[in-house]
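*Asks:* have a look at this prediction, sequence included:
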Amino acid sequence: MTTIAAFAGVSPDVPSVRSTPAYADALAYFKDYPARSLMSDHSRTLLYSLVRMMRPRLVAEIGTLHAGTTEVFARALWENGEGVVHTADPYGGDRCPPIIGQWPAELQHHVQFHAKSSMDFFSRMVLEDKSFGLILVDGNHDFEYAFFDLQMSARLIESGGIVVMDNAEQAGPFKAARVFLAANPAWREIGGALAAYDPSRPFNRERASLPETSFLILQAPDHLSIGAEAQSWGQAWTTLPQVRGLRFEVVAPCKGILHYQVHLRGFANGNRWVKEERIEGSVRIDAGDDVMKLDHPFERSLSVVAPSEFDDALFTLEFDLCWQGDSNSGPLALAALPTPFQ
Ligand SMILES: C[S@@+](CC[C@H](N)C(=O)[O-])C[C@H]1O[C@@H](n2cnc3c(N)ncnc32)[C@H](O)[C@@H]1O
């Protein structure tokens, strides 16, 4: 296979990539290709360029249809020399594998198809502890589905990663992005479709984050932003059956009280033995310009050590966090979720 465009050295500045020679080469390549993709040439080229510039290890796609955009992703990952696109479509079980099976073997190597709805797909990805550098949301465009897909994307995206929602002109994805951004002010739109929303033209076909695409392009903050709304990150695997406290890394100035609720759970003997321990508490944080590392011991330790006769013990840890900032403080900015210690 031949390569398309030299993206080496192209800055990952998304709006200005469109004026680079590499983008022009890619645009010529993706003119009317892949034939069964529903998107514009610029939309495909932008997806390709994002993967080439950002070099994500993992890409996720909700809505495979005929694997048109999947092929764009696979081609970009092949050119990067690494990475996998996980693509999900509950109605593609018969349709998608034969299409993907006809691609060059080099491209097939970079794709994994899941015949699952986005809900089943995201649940599986949570279980496998996967995170993604780039996610395309292009499944069911009703608000309820698009909003769910966006929220789960936000949960699984890496710091600074990008979520692209297709069909900015449709009510569902547009409202989902607006509601999401209002509730998550640390996120930003790359482009101006949401800020420039004109209530007198609620179905404007040209509105999009970048011209000639149909996309809303949302970028995650480069840190974990904790706001005043209590939020859970769900259960995540841990190797620790005992937890004595949490380690925080605060990366931006802020003052206030962090409230937490922690659940430690143990499962053994084929899930017939289950134990759960819970603690809630709070910690005062006064962070200045320098990164602040803070070890916070709980009032008592949590322990879900399994009886020694069981050799299949697994443990999960779940955080609920809520930030009560002082009157002049912004949200709490953490490098990542707290690290437990024992
Ligand atoms: C617009 S098409 C995707 C087009 C594709 N991304 C492209 O441009 O080549 C939408 C796809 O989403 C799928 N879909 C519908 N409901 C879904 C759900 N709950 N989860 C994931 N995919 C879904 C449909 O079967 C359909 O194939």
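*Replies:* Yes, it's here.
*Asks:* residues of the stretch 51-200 of the chain that sit close to the ligand?
*Replies:* 62-65, 68-69, 88-91, 117-118, 138-140, 145 (Cβ under 6 Å from any ligand atom). Placement of C-beta: from N, CA and C, glycine included.
*Asks:* could you redo the last one with a cut-off of 8 Å?
*Replies:* 61-70, 88-92, 116-119, 121, 136, 138-141, 145, 149, 166-167 (Cβ under 8 Å from any ligand atom).
*Asks:* tell me the buried residues within those residues.
*Replies:* 61-70, 88-90, 92, 116-118, 121, 136, 138-141, 145, 149, 166-167 (16 or more other Cβ atoms under 10 Å).
*Asks:* in strands only, show me those.
*Replies:* Glu61, Ile62, Ala88, Leu136, Asp166 (DSSP state E).
*Asks:* quick one on the thing from earlier: restricted to helices, list the residues of the stretch 51-200 of the chain next to the ligand.
*Replies:* Gly68, Thr69, Thr70, Ser118, Met119, Phe121, Tyr145, Asp149 (DSSP state H).
*Asks:* could you report the pLDDT at the third one?
*Replies:* You'll see Thr70 listed with a pLDDT of 98.
*Asks:* just the fourth one next, same as before
*Replies:* Per-residue confidence (pLDDT) for Ser118: 98.
*Asks:* all further residue positions should be reported with the first residue as 25.
*Replies:* Understood, numbering begins at 25; the last thing we discussed is Ser142.
*Asks:* what's next to stretch 121-133, contact-wise?
*Replies:* With contact meaning Cβ atoms under 8 Å, 6 or more residues apart in numbering, stretch 121-133 is reached by Met25, Arg60, His90, Ala91, Thr94, Glu95, Ala98, Arg99, Trp102, Val135, Phe137.
*Asks:* can you do 10 Å?
*Replies:* Identification of contacts with stretch 121-133 by Cβ atoms under 10 Å, 6 or more residues apart in numbering yields 25, 58, 60, 88-92, 94-95, 97-99, 101-103, 108-109, 111, 116, 134-137, 139.
*Asks:* adjacent strands (with direction) for the one helix or strand Gly305 maps to?
*Replies:* Using DSSP states H and E, Gly305 maps to strand 297-311. Strand pairing for strand 297-311, using DSSP bridges, gives strand 278-292 (antiparallel).
*Asks:* flag every buried residue along the strand it pairs with.
*Replies:* Quick answer for strand 278-292 (16+ other Cβ under 10 Å): 278-280, 282-284, 286-292.
*Asks:* so who does Asp314 touch?
*Replies:* Taking Cβ under 10 Å, 6+ apart as the criterion, Asp314 is in contact with Val274, Val275, Pro277.
*Asks:* hang on, the earlier thing: widest-spaced pair of the ones in strands among the buried ones among the residues of the stretch 75-224 of the chain next to the ligand?
*Replies:* Ala112 and Asp190 (14.4 Å; Cβ to Cβ).
*Asks:* okay, and the beta partners of the spatially most central residue of the chain?
*Replies:* Among the residues of the chain, the one closest to the centroid is Ile181, at 2.1 Å (Cα atoms, centre = their mean). Note on Ile181: beta-bridge partners Phe156, judged by DSSP bridges.
*Asks:* distance of it from the ligand?
*Replies:* From Ile181 across to the ligand, the span is 17 Å (Cβ to the nearest ligand atom, to the nearest Å).
*Asks:* mind checking the SS state of Leu71?
*Replies:* helix (DSSP: H, G, I helix; E, B strand; the rest coil).
*Asks:* you'd agree it is up against Leu158?
*Replies:* Yes: between Leu71 and Leu158 there is a contact at 8.2 Å, judged by Cβ atoms under 10 Å.
*Asks:* now the common contact residues for these two.
*Replies:* Counting by Cβ under 10 Å, 6+ apart, the residues touching both Leu71 and Leu158 are Val83, Glu85, Phe97, Ala100, Val188.
*Asks:* can you pull out the helices in this structure?
*Replies:* 38-41, 45-53, 65-78, 92-104, 120-125, 129-132, 142-151, 167-180, 195-207.
*Asks:* now the ones you listed as CSV including distance to Phe365?
*Replies:* Formatted as CSV, those follow (distance: least, Cβ to Cβ, whole Å):
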stretch, distance to Phe365
helix 38-41, 39
helix 45-53, 46
helix 65-78, 33
helix 92-104, 37
helix 120-125, 44
helix 129-132, 43
helix 142-151, 24
helix 167-180, 24
helix 195-207, 31
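*Asks:* now the ones in strands among the buried ones among the residues of the stretch 75-224 of the chain next to the ligand as TSV including pLDDT and distance to Ser233?
*Replies:* Below are these laid out as TSV (pLDDT from 0 to 100; distance: Cβ to Cβ, whole Å):
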residue	pLDDT	distance to Ser233
Glu85	98	18
Ile86	98	18
Ala112	98	23
Leu160	98	13
Asp190	97	11
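*Asks:* what is the nearest of those to Val41?
*Replies:* Ranked by distance to Val41 (Cβ to Cβ), these are led by Leu160 at 16.9 Å.
*Asks:* list the contacts of the closest one.
*Replies:* 63, 67, 71, 74, 83-87, 93-94, 96-97, 109, 111, 173, 177, 186-190, 239 are the contacts of Leu160 under Cβ under 10 Å, 6+ apart.
*Asks:* do that again at 7 Å, thanks
*Replies:* With contact set as Cβ atoms under 7 Å, 6 or more residues apart in numbering, Leu160 has these partners: Leu71, Glu85, Ile86, Thr93, Val188, Asp190.
*Asks:* perfect, that will be all.
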